[in-house]
Structure formats: C-alpha cells, structure tokens
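Visitor: model this:
(one chain, ligands or ions: 1)
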Amino acid sequence: MVVKHSRGSYEISTMSVEEVFQKLDPEAPIITDNNLEAYYAKFLNGRKVLVLQAGEGTKNFANYQKCLEWLATQKVQRSQSIVALGGGVVGDLVGIVAATYLRGVKHIQVPTSLLAMVDSSVGGKVGIDLPQGKNLVGAFWPPSEVLLATEFLKTLPHEQVINGMAEVWKYAFIVAPELTPLLEESDRDYAKIVNLCIDLKRQTVEADEFETTGQRATLNFGHTIGHAIEQASDYQLLHGQAISIGMVLEARLGENLGITPTGTATKIQSYLQRTGLPTTQKATNPEQLLDFMRSDKKVSGSELAFALLTDLGACKLFRGISEKNVLEVLSAN
Ligand code: GLY
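Guide: Next up is the predicted model:
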C-alpha cells in the first residue's frame with residue numbers, strides 16, 4: 001500500500017518479523033524500548049540500538065534530547081534513516097527526532113503494537129508530550145517507509161492488544177460500521193483488521209494531510225476528553241483505555257447537543273465493554289479535565305472543538321461547543 005503526501009509518498013510493506021530485520025540496513029540506528037529489546041535481542045545484537053523505558057512517560061523532552069545526543073555521538077549522517085522499532089511512544093518520539101536532527105532525516109516506522117499499526121505509524125504526526133498536555137510539541141513528518149509485521153502482536157501483552165482495540169473501534173464508529181462483526185469475533189483476525197484500518201487511515205491522511213479541512217480531525221473522536229482523562233490519571237491509564245472512556249463521553253455530548261442519535265453512546269459503551277475496555281472513570285475532577293482540554297490543539301480562542309458522531313459510522317468536526325455542555329457530560333460520568 002502506498003501513502004501519498006505533499007512531499008512524496010511512502011510504502012507500507014507487509015512482511016514477517018525476520019524479514020523486517022533482514023530489510024533494515026545493518027548500520028541503521030534503531031531506537032526501541034526495553035520490552036522489545038528483551039523479546040527481539042537475537043535480531044538486535046550487533047546493531048546500533050538505543051533502548052528507552054517502555055511507557056507514555058518516555059515521550060518527553062529529556063528523551064528527545066537523549067535520542068538527539070545519541071545520534072550525534074554515533075555520528076549518524078543525513079543520508080541515514082533512523083528506525084523506530086516500537087509502539088506509539090517510540091514512533092512519535094523517533095519521528096520528532098528525525099524531523100529535527102540535522103534539520104531533518106528519514107525515518108522508518110516499524111510498529112510493534114496494535115495501536116501503532118492501525119494509527120500512529122501512518123500519517124506523519126510525530127511529537128512529544130509537555131507537562132501541560134499530550135502531543136503539544138510535534139510536526140508533520142511522514143516516514144520514508146513503514147515495515148508492517150503483524151507477527152509482532154504475538155509478543156504484545158494482552159492488555160496492550162486491548163488498548164489498541166480502542167483505536168480500531170474508533171474507525172468502526174467514525175467511518176466503517178461494517179468492521180463491527182469482525183471486531184466482535186472471539187478469535188479476531190488481526191492481520192485483516194490491521195490492513196482494513198490502515199487503509200482507512202491512508203484515505204483520511206491523504207485527503208487532509210495537515211488537518212485543515214476537519215476530515216483528519218475526525219480521527220480525534222474520543223480524544224479531546226480522552227487525552228484529558230489520560231493526563232489526569234498521570235498516564236496510569238493507557239491511551240486506548242482513556243479514549244475508550246472519551247468516546248463514550250463524546251457520544252453522550254453529541255447526543256445532548258442533538259448531533260448524535262439517541263442511544264449511540266449506550267451502543268458504543270457495550271461494544272467497548274465487551275472488548276474489555278473501561279468506559280467510565282469515576283475519580284476524575286470535571287473542572288480539572290476541562291482545564292486540560294483548554295490546551296487541546298483544536299481549541300480556537302475560548303471555543304472547544306470536538307469530532308462528534310452524526311450517526312454510528314459518520315463523524316464531523318464541530319466548533320464552538322460550550323464548556324457548560326462539556327461539564328454536564330463530565331459531571332454525569
Ligand atoms: N492519530 C490521529 C491522526 O493521525 O490524525
């Protein structure tokens with residue numbers, strides 16, 4: 001599959017784990033996390049590898065600087081590509097490092113989590129978090145290649161697979177309700193699911209690469225509230241868990257505003273619950289969540305913006321949502 005963007009295009013190639021490591025230049029600098037280092041040591045031995053601590057807390061300035069300094073120490077040159085071997089955290093961090101090291105070098109995304117496969121490795125959004133909010137520093141910096149091996153999912157902890165399922169359900173809710181039976185199967189065909197989701201992501205980012213028309217912003221369904229919940233939990237909740245709760249609350253917000261058909265939030269909630277995802281978070285302070293939402297990238301002036309469902313399988317960006325409406329939904333959670 002080829003993804004087109006304003007500066008060219010890149011290929012998403014499907015292969016086995018072994019083929020991924022055969023394809024990578026033996027001299028290529030690889031940035032990964034400690035879980036992957038342990039599982040894939042036999043492929044990493046003898047290569048240039050920087051190992052980071054797994055977890056959202058790693059996506060910060062300290063590690064951004066650490067990666068840049070490591071590349072400089074290794075004398076990595078402009079002609080070389082940096083490899084992001086990992087989930088969304090490693091992918092986003094390596095992407096912003098690649099966008100800025102020597103004023104920009106190529107990077108190869110090797111997504112190893114379900115979440116990274118279906119979402120973050122495609123589309124070129126890269127970045128790190130600030131104490132004030134998620135992904136507040138970043139760039140649009142597309143990879144030069146995505147090497148996709150769904151075989152990596154075999155070593156992914158079950159909790160992380162379920163975490164990724166939140167982003168998978170998101171596609172069913174915003175654009176592809178026909179995915180639903182596939183996602184409800186007890187023995188899910190992840191290779192098929194990943195390919196269908198990547199194609200949906202490809203279509204969206206090709207249509208609205210820089211998130212200017214509102215189409216790409218539909219991928220943010222559940223994320224405005226979800227990011228705030230994730231931040232309020234001090235990243236104890238995984239991203240997928242937080243956006244699962246966020247999707248239910250944003251569906252309820254849409255219902256209260258007369259945008260989303262009544263009953264949608266309940267349907268969404270039962271799909272997510274059956275998958276093993278949380279859909280409520282009692283111990284949150286609505287005022288604090290609202291304050292975190294004021295740092296959301298979609299905010300313009302004092303107006304909040306939300307990607308809301310106009311139906312199950314259809315989504316649109318709405319601006320000018322009042323804080324009172326949002327507080328009402330958060331307080332009822
Ligand atoms: N993860 C949402 C986007 O790439 O736009």
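Visitor: and stretch 148-155, which residues are buried?
Guide: For stretch 148-155, burial by neighbour count (16 or more other CB atoms under 10 Å) applies to Leu148, Ala149, Thr150, Phe152, Leu153. All C-beta spots, glycine's among them, are computed from the backbone N, C-alpha and C.
Visitor: which bits of the stretch 101-250 of the chain sit near the ligand?
Guide: Neighbours of the ligand within the stretch 101-250 of the chain, by CB under 6 Å from any ligand atom: Asp119, Gly123, Lys125, Arg216, Leu219.
Visitor: Under a three-state scheme, what state does the second one occupy?
Guide: Following DSSP: H, G, I helix; E, B strand; the rest coil, the label given to Gly123 is coil.
Visitor: pLDDT weak spots in the chain?
Guide: Along the chain, segments meeting pLDDT under 70 span 283.
Visitor: same thing but at 90, please
Guide: Applying pLDDT under 90 to the chain flags the ranges 56, 131-134, 186, 235, 281-285, 294-303, 331-333.
Visitor: quick one, phi psi at the residue positioned nearest the centre of it?
Guide: Geometric centre of the chain, nearest residue: Ser120, 4.1 Å, by CA atoms, centre = their mean. Per-residue torsions, Ser120: phi -70, psi -20 (degrees, to the nearest 10).
Visitor: And for Asn45?
Guide: Torsion angles, degrees, to the nearest 10, at Asn45: phi -60, psi 130.
Visitor: Check which residues of stretch 126-135 are buried.
Guide: By neighbour count on 16+ other CB under 10 Å, the buried set for stretch 126-135 is Val126, Gly127, Ile128, Asp129, Gly133, Lys134, Asn135.
Visitor: Kindly report the same for stretch 281-291.
Guide: Neighbour counts over stretch 281-291 (16+ other CB under 10 Å) mark Gln281, Thr284, Pro286, Leu289, Leu290 as buried.
Visitor: still on that earlier bit, quick check: nearest residue in space to the residue nearest to the centre of the chain, chain neighbours excluded?
Guide: Spatial nearest neighbour of Ser120, excluding adjacent residues (CB to CB, 6 or more residues apart in numbering): Gly88 at 4.0 Å.
Visitor: pretty sure Ser13 contacts Ala149?
Guide: No. If you go by CB atoms under 8 Å, Ser13 and Ala149 don't touch, sitting 9.5 Å apart.
Visitor: residues in contact with the residue of the stretch 201-333 of the chain found nearest the ligand?
Guide: The minimum distance from the stretch 201-333 of the chain to the ligand, using CB to the nearest ligand atom, falls at Leu219 (3.9 Å). Residues near Leu219 by CB atoms under 8 Å, 6 or more residues apart in numbering: Asp119, Lys170, Ile174, Lys201, Thr204, Ala307.
Visitor: which residues in this structure form helices?
Guide: Remark: helices assigned in the chain by DSSP state H are 17-23, 34-39, 41-44, 61-73, 88-100, 114-115, 158-174, 180-184, 190-207, 223-232, 239-256, 264-275, 286-293, 323-332.
Visitor: Ranking by neighbours, what's the top pick from the contacts of Leu219?
Guide: Lys170 (30 neighbours; other CB atoms under 10 Å).
Visitor: what residues are up against the closest residue to it other than its chain neighbours?
Guide: Nearest-residue entry for Lys170: Phe221, 5.8 Å, with adjacent residues in sequence omitted and distances by CB to CB, 6+ apart. For Phe221, the contact set (CB under 8 Å, 6+ apart) comprises Lys170, Phe173, Ile174, Met247, Glu250, Ala307, Leu308, Leu309, Cys315.
Visitor: Likewise for Val94?
Guide: Ile31, Cys67, Ile82, Val83, Ala84, Gly86, His107, Gln109, Val126.
Visitor: ok, back up a step: do you know how far the residue nearest to Ser120 is from Pro111?
Guide: Distance, Gly88 to Pro111, by CB to CB, to the nearest Å: 8 Å.
Visitor: again with Leu257
Guide: The separation that Leu257 has from Pro111, given CB to CB, amounts to 35 Å.
Visitor: So between the two, which is more surrounded?
Guide: More neighbours surround Pro111 than the other of Leu257 and Pro111, with 31 against 15 (other CB under 10 Å).
Visitor: my read: that one touches Glu145, true?
Guide: No. Assessed by CB under 8 Å, Pro111 is found out of contact with Glu145, at 11.7 Å.
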